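1. How does the following fold in three dimensions:
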Amino acid sequence: MNMEIKPTESELEILQVLWKMGDATVRDVHEELAKTKGAGYTTTLKLMQIMDEKGLVERDTTSKTHVYKARYTQEKAQTSALDRILSTVFEGSTSDLVIQALGHHRASQDEIDAIKKYLDQFGGK
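-> Okay, here's the model as predicted:
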């Protein structure tokens, strides 16, 4: 049985740091997280070790200080979260999701232009 790994909220916070930084040590990740939340270093270390076991990150152990990088991509996280929200909150209605997103969150003109361009391409298929 091949179950898809879904990161927890804490694991997603660590992944966000790794997506931004690229390769990073536990200390690097912890210092970034400490700017916005009060987790201890050992908690960050344990979470990253678990994430390595789950295959969400990979650890380079060739030097004394282990360096981690994300294996679970930002695109995969976004797709997984969107699929979950679409099926549970919006009962599969893509249009309801888009209307809510655009109706309750101010999009920049660049974002609106990108959405229009995408819809033009999508409509042509």
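2. Give the residue spans of the chain that score low on pLDDT.
-> Using pLDDT under 70 as the threshold, the predicted model of the chain has low-confidence ranges 1-3, 124-125.
3. if I pick the residue nearest to residue 50 when sequence neighbours are not counted, what's in contact with it?
-> The spatial neighbour of residue 50 that comes closest, neighbours along the chain excluded (Cβ to Cβ, 6 or more residues apart in numbering), is residue 11 at 7.9 Å. From N, CA and C alone the C-beta is placed, and that goes for glycine too. For residue 11, the set of contacting residues under the criterion of Cβ atoms under 8 Å, 6 or more residues apart in numbering consists of 47, 50-51, 56.
4. same deal with residue 112?
-> Counting by Cβ under 8 Å, 6+ apart, residue 112 makes contact with nothing.
5. Now the helix or strand where it lies - C-alpha only, CSV.
-> Assessed by DSSP states H and E, residue 112 sits inside helix 109-123. Output in CSV follows, covering the C-alpha atoms of helix 109-123 (Å, rounded to 0.1, in the frame of the first residue of the first chain):
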residue,chain,number,x,y,z
GLN,A,109,-3.1,43.6,-11.4
ASP,A,110,-0.2,41.2,-12.3
GLU,A,111,-2.0,38.3,-10.6
ILE,A,112,-5.3,39.2,-12.4
ASP,A,113,-3.5,39.4,-15.7
ALA,A,114,-1.8,36.0,-15.1
ILE,A,115,-5.2,34.5,-14.2
LYS,A,116,-6.8,35.9,-17.4
LYS,A,117,-3.9,34.6,-19.5
TYR,A,118,-4.3,31.1,-17.9
LEU,A,119,-8.1,31.1,-18.5
ASP,A,120,-7.6,32.1,-22.1
GLN,A,121,-5.1,29.2,-22.5
PHE,A,122,-7.4,26.8,-20.6
GLY,A,123,-10.5,27.9,-22.6
